[in-house]
Structures are given as structure tokens and as C-alpha cells.
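Colleague: Based on what follows, work out the 3D shape:
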Amino acid sequence: MDVAGRVDTDIKIETPILNVTMEAVNIINTLLKQREIPNHALRVFVSGGGCSGMQYGMSFEETAKDYDTVIEVEGVRLLIDPTSLMYLRGATIDYVDSLMGGGFRIDNPNAVSTCGCGHSFRTDDSEDAGSGCGGGCSH
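Modeller: Alright, predicted model coming up:
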């Protein structure tokens, strides 16, 4: 409501750029300390490939590029280039540890199908890359 008591009907709820769970933040912090690169950021990106057509990638970088979107969560910086941002908007990065091993997992609302390994995906507007891993997943 505004000062006059009217309800603002122009309020738009924006999809968060990227969500990161505390488990993922803790693992990223641990990796930064182990590698002795505490001032680096985690680049999260999407590239062509993988058994579903597109795949996720991550790497540590010291500085952001001019065109990057920079997100900070609990002191951890994440870098996303504009193209990857189109595919990652609203996604959640988590870290899952199981008996089969641990790793980062991205829950992406933009993906219409994913590979069994969870590292590859397809969106509505990407070309059909087949029906799944078919054993070709190397993760």
C-alpha cells in the first residue's frame, strides 16, 4: 500500500537470478581455502554439449569480466556471463553428498529434461538432442 492507503497493483515479482544453498556455500568456501585462493569467485556457466544438449560448468576465477553478473551469497561470489544467465535464471545450486559420491547439483526450472547424471539438460527452445544419456554420460 502507498501513503494514501491504495494497493499498488504494479508490483512485479522477479525471479531470483540464482539461488545457492548453505551446503553449497560451505563447500565453495572450503574449496577456496584448500586451494589457497580465498579472493576468487566461482564462475557458473552453461555450454553446448553433454548428452542432453547443454551442460553445466564451474571454475574458479580471480576477477569478473565487464559483462558478468556478480552474485554474492554469504561472502561467496558467483560470476555468470549473459548467455549462461538466460539458462540459469531462477536455478538453485546445491551440494549433495551420498554413498555414491558428492557433487554440486543444479536444480534448473528452465530445463524441460535432464540427463541421468544431472550435469546435462535441455530447454524448450534448444534443439532435441535425443532422449537422454544412453550410457554416454561421462560423469
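Colleague: got the CA positions of the strand or helix carrying residue 29 in PDB?
Modeller: Residue 29 is part of helix 22-34, with elements assigned from DSSP states H and E. Listed next in PDB are the C-alpha coordinates belonging to helix 22-34 (Å, rounded to 0.1, in the frame of the first residue of the first chain):
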ATOM      1  CA  MET A  22      24.200 -23.100   2.500                       C
ATOM      2  CA  GLU A  23      25.600 -26.600   1.900                       C
ATOM      3  CA  ALA A  24      26.900 -25.300  -1.500                       C
ATOM      4  CA  VAL A  25      28.300 -22.100   0.100                       C
ATOM      5  CA  ASN A  26      30.100 -24.100   2.700                       C
ATOM      6  CA  ILE A  27      31.700 -26.400   0.100                       C
ATOM      7  CA  ILE A  28      32.700 -23.400  -2.100                       C
ATOM      8  CA  ASN A  29      34.300 -21.700   0.900                       C
ATOM      9  CA  THR A  30      36.200 -25.000   1.800                       C
ATOM     10  CA  LEU A  31      37.500 -25.400  -1.700                       C
ATOM     11  CA  LEU A  32      38.700 -21.700  -1.800                       C
ATOM     12  CA  LYS A  33      40.600 -22.300   1.400                       C
ATOM     13  CA  GLN A  34      42.000 -25.700   0.400                       C
END
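Colleague: packing partners for the helix or strand following it?
Modeller: The helix or strand immediately downstream of helix 22-34 is strand 41-48, counting by DSSP H and E. Where contact means 3 or more Cβ pairs under 8 Å, 6 or more residues apart in numbering; DSSP states H and E, strand 41-48 is packed against strand 54-61, strand 76-80, helix 82-88. Every C-beta, even on glycine, is put in place using the N, C-alpha and C of the backbone.
Colleague: follow-up on the earlier one: buried residues in the helix holding residue 29?
Modeller: 23, 24, 25, 27, 28, 32 (16 or more other Cβ atoms under 10 Å).
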